[in-house]
Each structure stands twice: as C-alpha cells, then as structure tokens.
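J.: Got a predicted structure here, sequence first:
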Amino acid sequence: MGNPFTVSLVSWHDGEPLLRAIRETVFIREQGVPEELEWDGLDENCRHALALSLQGEAIGCGRMLAKGHIGRIAVLPQWREQRLGTAIMETLLAEARAQGLSRVDVDAQTQALPFYRSLGFVEQGEVFMDAGLPHIKMTLEL
Ligand SMILES: CC(C)(COP(=O)(O)OP(=O)(O)OC[C@H]1O[C@@H](n2cnc3c(N)ncnc32)[C@H](O)[C@@H]1OP(=O)(O)O)[C@@H](O)C(=O)NCCC(=O)NCCS
C-alpha cells in the first residue's frame, strides 16, 4: 500500500500559509518556542518540504537553507511514527544531492536524536541551548 500522504518541495511564496500553520501548532504552541525565534527571517531563502494528507490537509514540513542546513522539521502529533518525518527528510536530502551538496547538517533537539540517527546523521560537538531547548549539531555525508 502506498503512503497516505505526499511530500513536495515548495517556495515560501507558494507555501507560506500552510507552512506557518504547521509550525505554529508544533513549535510555538506544543513546544513553546517564542514567535520571534520561530519566524527568523530565513524562510524566504529556503527550499521547503510540505506534506499533505490525501484529503489535502497540511500535516508536516521542513526546510533547507542554501548551504545544506536543514531544520524546522515538524509533523502534526496525530501523524507521528508513520514515517512522515522520514519522507520529509528524504525529500530535502534528494534536493541537497540535486544541488550537488556533499554534506548536510541539522541542529537537532536532543529529544529528536533517535529520529536523525535513523537517517544516518552523526552528532558533532556538545549540547547547546536554543529557544530554551537542548540541541546538538549533527551532520550527514551525502
Ligand atoms: C521528530 C519528528 C519530526 C519525527 O517525525 P515522525 O514522522 O514521527 O518520524 P518517523 O515516523 O519518520 O520516525 C523514523 C524513526 O525515527 C525514530 N523516532 C521518531 N520519533 C521518535 C521519538 N519521539 N522518540 C524516539 N525515536 C523516534 C524512530 O526510530 C523511527 O523509526 P521506527 O519507524 O523504526 O520507529 C516528530 O516527532 C515531530 O514533529 N516532533 C516535534 C517537532 C520536533 O521535535 N522536530 C525536530 C526538531 S530538531
């Protein structure tokens, strides 16, 4: 059986309302990230991945900056543990390869370490705090 969702690459210009809705739900309301940190002004320069259910609801997202910095990976709670986060990452990793990048990195929340490890990312350096949450840099050679 195929996945009950699709993931596609969108620009901020085309995806903004849907991307904002997912990130407000997950980062601002669920995780308590301050709005001024969530909306950091970098979105217009990113490639975004947007996941839709077969009914067309926006259910997950992620973004990649030009140099292969991936972040803002979010899946709505009711859609977790169904490999949607993996599908979002695979879409961004395919884009990174298409751009000729040899390596990507994430600033992973430590609670999400197993997720990024499952994709082959490796921790680099020490844990640091960002937006009040512990993070660690992780990299993946493509
Ligand atoms: C982290 C997140 C994106 C994972 O998305 P997901 O769709 O649930 O992940 P997947 O189903 O693709 O998981 C793939 C693997 O990651 C691991 N994993 C995912 N979530 C996990 C969790 N909460 N705890 C431990 N392992 C986890 C599992 O090993 C899983 O493999 P499995 O299929 O063998 O169980 C999602 O939980 C989320 O949006 N969390 C809130 C926002 C967040 O923390 N974003 C990351 C910021 S750095």
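T.: Received, thanks. Numbering: from 1, shown residues only.

J.: Can you report how many residues neighbour Phe121?
T.: By other Cβ atoms under 10 Å, 22 other residues sit near Phe121. Yep, even glycine has a C-beta here, placed from its N, CA and C like the rest.

J.: The ligand versus that one, what's the distance?
T.: As defined by Cβ to the nearest ligand atom, to the nearest Å, Phe121 lies at a distance of 11 Å from the ligand.

J.: quick one: that residue and Ile70, what's the gap?
T.: According to Cβ to Cβ, to the nearest Å, Phe121 stands 9 Å off from Ile70.

J.: Next, show the common contact partners of the two.
T.: Common contacts of Phe121 and Ile70, defined by Cβ atoms under 8 Å, 6 or more residues apart in numbering, comprise Val106.

J.: Who are the contact partners of the closest residue to Glu35 other than its chain neighbours?
T.: Nearest non-adjacent residue to Glu35, counting by Cβ to Cβ, 6 or more residues apart in numbering: Ile28, 5.9 Å away. By Cβ under 8 Å, 6+ apart, the contact list for Ile28 reads 34-35, 38.
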